[in-house]
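>>> what's the 3D shape of this:
(chains A and B)
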Amino acid sequence: NAGVTQTPKFQVLKTGQSMTLQCAQDMNHNSMYWYRQDPGMGLRLIYYSASEGTTDKGEVPNGYNVSRLNKREFSLRLESAAPSQTSVYFCASRVQGAFTEAFFGQGTRLTVV
Amino acid sequence: DQQVKQNSPSLSVQEGRISILNCDYTNSMFDYFLWYKKYPAEGPTFLISISSIKDKNEDGRFTVFLNKSAKHLSLHIVPSQPGDSAVYFCAASGDNNNDMRFGAGTRLTVKP
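From the prediction side, this is the model:
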């Protein structure tokens, strides 16, 4: 039972390069999330998808785009990476609705030089 | 504007004693609160939760208390064990939307 799988686990980008972080879950969850974790800032919500076909901005969406490809997959794209996007990115999923817990992937450590 | 706040970046306690981690929130629309535990190089894992209709929820050594009027919740760990050493995140969610907001985290160190 894989749960939430993120790829890649590590990535180094040059400023201005683009890349897509992939996330897939096998728990038949409706809602999926992307967070970034920075020292002293905790987990900040970038984008989320309440259900297949919908996406919404979170706290820090600038510089990112997302695609809810199907129920299983939710990708995060950096079109032109900046050093300020150096962070650890986490994908999460949960059953739709407020009264449920989210399950997290192992994270992607991204460094932009 | 951070809607969920954990004002203590770190906490150190002796093994066997109680650990109390605090969390405050500003959005009165939140009605479900969660605590997550995170080890280095791993994703956060769910620990315990509480809905706004309750003021206490207990699971083994872990108890969460909610004070809605003060917009405050706390996590009590009794007795604390060295394996509890981790970063603890408080999170909140509301029924009128589907996002989930987290605090900055508190690093707990339990000394043997």
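
>>> how about the residue nearest in space to the middle of chain A, phi and psi?
In chain A, the residue lying closest to the centroid (Cα atoms, centre = their mean) is A:Trp34, at 2.8 Å. When read as degrees, to the nearest 10, the backbone of A:Trp34 gives phi -120, psi 130.

>>> pretty sure it contacts A:Ser87?
No: A:Trp34 is beyond contact range of A:Ser87, at 11.0 Å (criterion: Cβ atoms under 8 Å). Yep, even glycine has a C-beta here, placed from its N, CA and C like the rest.

>>> how about stretch A:29-49 against chain B, any contact?
Yes: for stretch A:29-49 and chain B, the contact criterion (Cβ under 8 Å from any Cβ of the partner chain) is met by A:Ser31, A:Tyr33, A:Tyr35, A:Gly40, A:Met41, A:Gly42, A:Leu43, A:Arg44, A:Leu45, A:Tyr48.

>>> next, the buried residues of that stretch.
A:29-37, A:41-49 (16 or more other Cβ atoms under 10 Å in any protein chain shown).

>>> list the contacts of residue 84.
You didn't say which chain, so I picked chain A. A:Gly63, A:Val112 (Cβ atoms under 8 Å, 6 or more residues apart in numbering or on different chains).

>>> sorry, should have said chain B
Per Cβ under 8 Å, 6+ apart, neighbours of B:Asp84: B:Ser19, B:Ile77, B:Leu108, B:Val110.

>>> PyMOL command to pick out the buried ones of these?
Applying 16+ other Cβ under 10 Å to those, the buried members can be selected in PyMOL as follows:
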select buried, chain B and resi 19+77+108+110
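
>>> looking at the contacts of B:Asp84, which is nearest A:Thr54?
Of all these, A:Thr54 sits closest to B:Leu108, with 36.5 Å by Cβ to Cβ.

>>> out of everything not next to it in sequence, what's closest to that closest one?
B:Leu11 (5.1 Å; Cβ to Cβ, 6 or more residues apart in numbering or on different chains).

>>> from A:Ala24, how far off is the one you found?
36 Å (Cβ to Cβ, to the nearest Å).

>>> partners of the residue nearest to the centre of chain A in the sheet?
Per DSSP bridges, the residues bridged to A:Trp34 are A:Tyr47, A:Cys91.

>>> how about A:Asp56?
Beta bridges link A:Asp56 to A:Tyr48, judged by DSSP bridges.

>>> close to chain A: what parts of chain B are there?
Proximity of chain B to chain A (Cβ under 8 Å from any Cβ) is limited to residues B:2, B:6, B:9, B:31-32, B:34, B:36, B:41-46, B:49, B:51, B:89, B:91, B:93-95, B:97-105.
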